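[1] from the sequence below, what's the structure:
(one chain, ligands or ions: 1)
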Amino acid sequence: MIKMTKTMTYLLGGVAASVIASTALADEIKIATGITGNAAENLAKIVAPWEEATGHTVTLVPMPSSTTDQFSQFRLWLAAGNSDIDLYRTDVIWAPQLADQFIDLSEAAGDLVNEHFPSVIESQTVNGKLVALPMFTAAPALYYRTDLLEKYDAEVPTTWEELSATAQRIQDAERAAGKDDMWGFVWQGNAYEGLTCNGLEWVKSFGGGQIIEPDGTISINNPAAIAAVELAASWVGTITPEGVLAYQEEESRGVWQTGNSVFMRNWPYAVNLGNSDDSAVKGSFGVAPLPSGGDHDGSAATLGGWNIAVSKYSENQDAATSLALYLGGAEAQRISAMLTGRLPTITALYDDAEVLAEVPIMEQWKDVFLEAVPRPSAPTQGAYNEVSSKFWSAVHNTLSGEGSAADNLELLEAELTDLRGDSW
Ligand code: GLC
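    Numbers count the residues shown, from 1 in each chain. Now for the predicted structure:
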C-alpha cells in the first residue's frame, strides 16, 4: 500500500482526500480574522467542506471589527515572528505593507488566479509576489428605506445635497409624528480606516481627487475636497447623530436595522443582515450607488474587500496553503456569497443563476466594484497606514468642529508632504 504523506493528502483535495484523511496526520490550522456581523459563524460553515476533505481542523482566532485595530495587532504578531497563526484574513489595502511577512502564493495558485477579476489579483500582487488570495470584494452602497421614501413621495437621491434635503425632511416629519429616535443618515465617522473610506467617497464624488493620486501626487488640498468635507461636517448633529463620531460599520447598522434612519452608507454585508427575521427594516429597503457631489456627476465607492494570506512563520505551511487555495476558490466563494451576501471575486459566479437569485445585489454591484476607487495604498507603499491615519484625523477633526475643512486639509497636505520626503 502506498504510504500517504501529509503533503500528498492536501494536494489531492475533494473526495479522494476524505477517503485517505484518516491515514494522514491532521493539522490544526489557525486563521486570524475579524468577525463583523455573523462572520465567525459563516466562516466555520465555509471551511467545513475543506475540513471534511482533508481531515484538518480550522480554528478561528477572532479579532476586533475595526480593520485598523486588526492591522496593529497583526503587525505586532508578524514582527515578532508569531508561529501560532497560520493564516491571516487581510484587508485589500495591506498587501504592500505586509508583503514580506507572507509567502508567495503564485505558484501554488497556478491557474486559479485567472478565475478572479484581474484588478483584484493585481491589488494583492506586490513586485510579482502574490501576497494573498481574494476571498471577497466590496464596494459600499447607499441603503434607503423604500417605505419612507414612498410615504413622503421622495426619490432616491443622486447628489449629496439632495440626500441632505430628503434626509432632513423625512427626519423632521417622522419626529413630528412621534418617532423621536429617527435620523436621516448614518455612516462611519469614527477615527479609523472606515472614515478614510467615507471621506474618500465624499472627496472623489465632488471631483476632489483621491487624496494621493496613482502617480504619488498629493492632491487633497483643493476646493472640491474642502466643499465635500464641509458638507459632511454639516450633517453631524442635524441629519446624523453626534455619536457618528464614534461609529464604525456595526454601530451604523445598529441604528439602521432598528428602523431609526432613512439612509445608511454601508458595505454589502448589511443587505442579508438587514433582511434577517429580527430586522425592523426587513423587506423595506433598497440599495443604490452613493450620491455624487456639487456639480460633479460621478458617484464614488471606495474599493474594499478581504483576502487570505499564509504567514511565513507558520509551521503548517502546506495545509495553510491548501486552505488559502480553497478559500480563494470557486467552491468557498460560492458558499460565502450564498451565506453572507458578500461579493465574490471569481468571475464565473456572476453568471451562476443560483447564486444571483440568492444574492440579487451581485448583478447590480458588479460594475460598481469594478469601477470602485482604490485607496492610495499602492502609490504610498509602506507609508499607507500613516497616510490614512493623517487623512482620517483631519476629517475627524473637521467633523468634530475642531477647525475648518480648509485649514485641516491644508495642514494635512503639509504633513503628507513631510511624510513623503523625496519619494513614497
Ligand atoms: C470593509 C472593507 C475594508 C475596509 C473597511 C473599513 O471591511 O472591506 O476594505 O478597510 O471596511 O472599515
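[2] and D215, how far is that from the ligand?
    Distance of D215 to the ligand, computed by CB to the nearest ligand atom, to the nearest Å: 23 Å. In this view, the C-beta of every residue, glycine as well, is placed from N, C-alpha and C.
[3] flag the shaky bits of the chain, pLDDT-wise.
    For the chain, applying pLDDT under 70 flags the ranges 1-24.
[4] swap the cut-off to 80 and go again
    1-24, 294, 297 (pLDDT under 80).
[5] quick check: residues of it near the ligand?
    Within reach of the ligand by CB under 6 Å from any ligand atom, the chain has these residues: 67, 91-92, 138, 193-194, 197, 249, 267, 304-306.
[6] show me which pair in these is furthest apart.
    In those, the most distant members under the criterion CB to CB are V92 and E249, with 15.1 Å between them.
[7] and the residue of this protein nearest the ligand?
    For the chain and the ligand, the shortest gap (CB to the nearest ligand atom) falls at G304, measuring 2.7 Å.
[8] give me phi/psi at the nearest residue to P379 once chain neighbours are set aside?
    Distance criterion CB to CB, 6 or more residues apart in numbering; nearest residue to P379, sequence neighbours excluded, is G216 at 4.6 Å. Phi and psi for G216, reported as degrees, to the nearest 10, are phi 100, psi -10.
[9] G216 - how many residues pack around it?
    Neighbouring residues of G216 were enumerated by other CB atoms under 10 Å; the total is 14.
[10] now do the SS call for G207.
    The three-state assignment at G207 reads coil, by DSSP: H, G, I helix; E, B strand; the rest coil.
[11] next one: phi and psi at the nearest residue to it once chain neighbours are set aside?
    Of all residues not flanking G207 in the chain, H296 sits nearest, at 3.7 Å (CB to CB, 6+ apart). When quoted as degrees, to the nearest 10, the phi and psi of H296 stand at phi -80, psi 140.
[12] what's the answer for E107, then?
    Main-chain dihedrals, E107, degrees, to the nearest 10: phi -70, psi -50.
[13] can you pull the contacts of it?
    For E107, no residue meets the contact criterion (CB atoms under 8 Å, 6 or more residues apart in numbering).
[14] so how far is L325 from it?
    Separation of E107 from L325 (CB to CB, to the nearest Å) stands at 11 Å.
[15] next one: A288
    Applying CB to CB, the value for A288 to L325 is 36 Å.
[16] more neighbours: those two, which one.
    L325 (21 against 16).
[17] run a quick neighbour tally on E115.
    What E115 shows, counting by other CB under 10 Å, is a neighbour count of 17.
[18] please name the nearest non-neighbouring residue to it.
    Excluding the flanking residues, the one nearest E115 by CB to CB, 6+ apart is I346, at 5.1 Å.
[19] can you report how many residues lie near the one you found?
    Counted with other CB under 10 Å, residues neighbouring I346 total 23.
[20] now it, what are its backbone angles?
    According to degrees, to the nearest 10, the main-chain angles of I346 amount to phi -80, psi 120.
[21] quick check, it in contact with H116.
    Yes - under the contact definition of CB atoms under 8 Å, I346 touches H116, with a separation of 6.0 Å.
[22] related to what we said a few turns ago, helices - which of the residues of the chain next to the ligand land there?
    When the residues of the chain next to the ligand are checked against helices (DSSP state H), the matches are 67, 193-194, 197, 249.
[23] I'd say Q381 and A95 touch.
    No - counting by CB under 8 Å, Q381 does not reach A95; the two are 10.1 Å apart.
[24] more neighbours, the two?
    Under the criterion of other CB under 10 Å, the comparison of Q381 against A95 puts A95 first, with 24 against 16.
[25] mind checking how far the more buried one is from Y384?
    Distance of A95 to Y384, computed by CB to CB: 10 Å.
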